[in-house]
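Undergrad: Sequence first, then the predicted structure, then my questions.
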Amino acid sequence: MFQIKSVTGIVLATVLGAGLIGASAVQARELSYAMGFPPGSDSDVAGRKYAERVEELTDGDLSVKVYALSLLNFAETPGGVSDGMADIGYVLTPYFPQEFPHMNLLAESSMLLHLQDEKVRGREGYAYVGAMAEFVFLNCPECQQDMAKQNQVMTANAGSSQYGLTCTRKVTTMDELKGARLRVAGSHWSRWAEAFGAVPVTLSSNEAAEALSQGVVDCVVISAPELTNLGLFEHVSDITMAIPGGIFAGTAITNMNRDVWQSLSEDHRQAMLRAGSEIAAEIPFVYHAREEKVLQRIQDEEGARLHEPTPELMASVRDFVEKDIDRMAEYYKTERGVANSEQMIADFREILGRWVELVQDVETVEDLSGLYWDEVYSRIDVKTHGM
């Protein structure tokens, strides 16, 4: 303790103290954002745009530092966000079937896109991501409860372009599919593989290149842009994008640590959702935009061959999807504890059909993010969401 004995000293101390308090009050709070994709990938680029938008929308009160494959990998991300090792994480929910059963039921229904109107082609990710957002945020309290149990709050979802077979040999017929070892990223693709006599192999995306190069798998079921994002280019010789179809939709792209979310002001939560709606649009838009370019590049640079499945195989795939929806609902009810699985799928199919129509006029990423904001994110109540 000390005493200030002059009026001048008192005034000076008061001014300095006020200055320090003011400096502390305006200092930006930095949030860490962990993702399992490497630096320079599409998701890393989208993450850095997201960070810029968070800072803009909060007038510099919040900043975000993106850790691309340097803080947590995909397998570590949910636990790291729950424990506070990262404030925000790029969570792939299908990797964790026990933790996120309700969202995963919808994510693993993405082969329903085979049963939609043909006008969804080339816009699969736009429509499915929007439908997922509407259902999970506004119609699925159980989805939010699953997140809360993991000490997380979902603030955006995202998805890819269509998933296909990227292989070391040609696979276009039922005979060629039999016995093929396929790296898959969801139980729906595992069931599809088994139904056609193939062998599903579960590996992290970070292990896919090594698995192909060492012959552990014959194909990786993945979207075309991931060929560059995950370093698969030199290992793939044959591609059949029309099967199995569906998209990777189980991406809670900016899941926040619940304690961190609750410590934010309502204005800052609103800003995080606004930025979330933009990265939610950025990912599927970029994936669809890059698909054709990536496929052309791998043909030009690596001599890869593009194939179409036989009509017989394609018809069998659609038949599989029709039957698998009922099997999936029963499985999630008995094995994952999703009591209302049939109703969830029925309600979601109606929402998905509406989103197929909604995305028809989308031409730019701004169109898509505006659609997501108007239809979903602006309707989330920041007073109660995640609280």
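TA: Happy to help now that I have it.

Undergrad: so where do the strands sit in the stretch 251-387 of the chain?
TA: For the stretch 251-387 of the chain, the strands defined by DSSP state E, counting those that start in this stretch occupy 251-257, 305-306.

Undergrad: same check, this time on the stretch 51-200 of the chain
TA: Going by DSSP E, counting those that start in this stretch, the stretch 51-200 of the chain shows strands at 62-68, 88-92, 152-153, 163-167, 181-184, 199-202.

Undergrad: ok now the fifth one, how far from the chain's centre?
TA: Yep, that's strand 181-184 we're talking about. From the chain centre to the centre of strand 181-184 is a distance of 20 Å (CA atoms, centre = their mean, to the nearest Å).

Undergrad: right, and the strands of the stretch 51-200 of the chain - which one's nearest S110?
TA: Among the strands of the stretch 51-200 of the chain, the nearest to S110 by CB to CB is strand 163-167 (8.1 Å). The C-beta positions use only the backbone N, C-alpha and C, and glycine is treated the same way.

Undergrad: So which residues make contact with the closest one?
TA: 171, 180, 182, 185, 189, 218-224, 227, 232, 236-248 (CB atoms under 8 Å, 6 or more residues apart in numbering).

Undergrad: repeat that with 7 Å
TA: 171, 218-223, 227, 232, 236, 238-248 (CB atoms under 7 Å, 6 or more residues apart in numbering).

Undergrad: partners of it in the sheet?
TA: strand 219-223 (antiparallel), strand 238-244 (antiparallel) (DSSP bridges).

Undergrad: could you list every residue that touches the residue nearest to Q116 when sequence neighbours are not counted?
TA: Leaving aside its sequence neighbours, Q116 sits nearest to V356 (CB to CB, 6 or more residues apart in numbering; 5.4 Å). Neighbouring residues of V356 by CB under 7 Å, 6+ apart: 116-117, 119-120, 127.

Undergrad: now with 10 Å?
TA: 113, 116-117, 119-120, 123-124, 126-128, 130-131 (CB atoms under 10 Å, 6 or more residues apart in numbering).

Undergrad: State whether L31 is indeed within a strand.
TA: Yes - counting by DSSP: H, G, I helix; E, B strand; the rest coil, L31 is part of a strand.

Undergrad: Quick check: it touching S63?
TA: Yes - with contacts counted by CB atoms under 10 Å, L31 reaches S63, the gap being 7.1 Å.

Undergrad: Between those two, tell me which one has more neighbours.
TA: L31 (21 against 14; other CB atoms under 10 Å).

Undergrad: Please tell me how far that one sits from Y90.
TA: Relative to Y90, L31 is positioned 13 Å away (CB to CB, to the nearest Å).

Undergrad: Spell out which residues are contacts of both of these two.
TA: Shared contacts of L31 and Y90, counting by CB under 10 Å, 6+ apart, come down to 66, 254.
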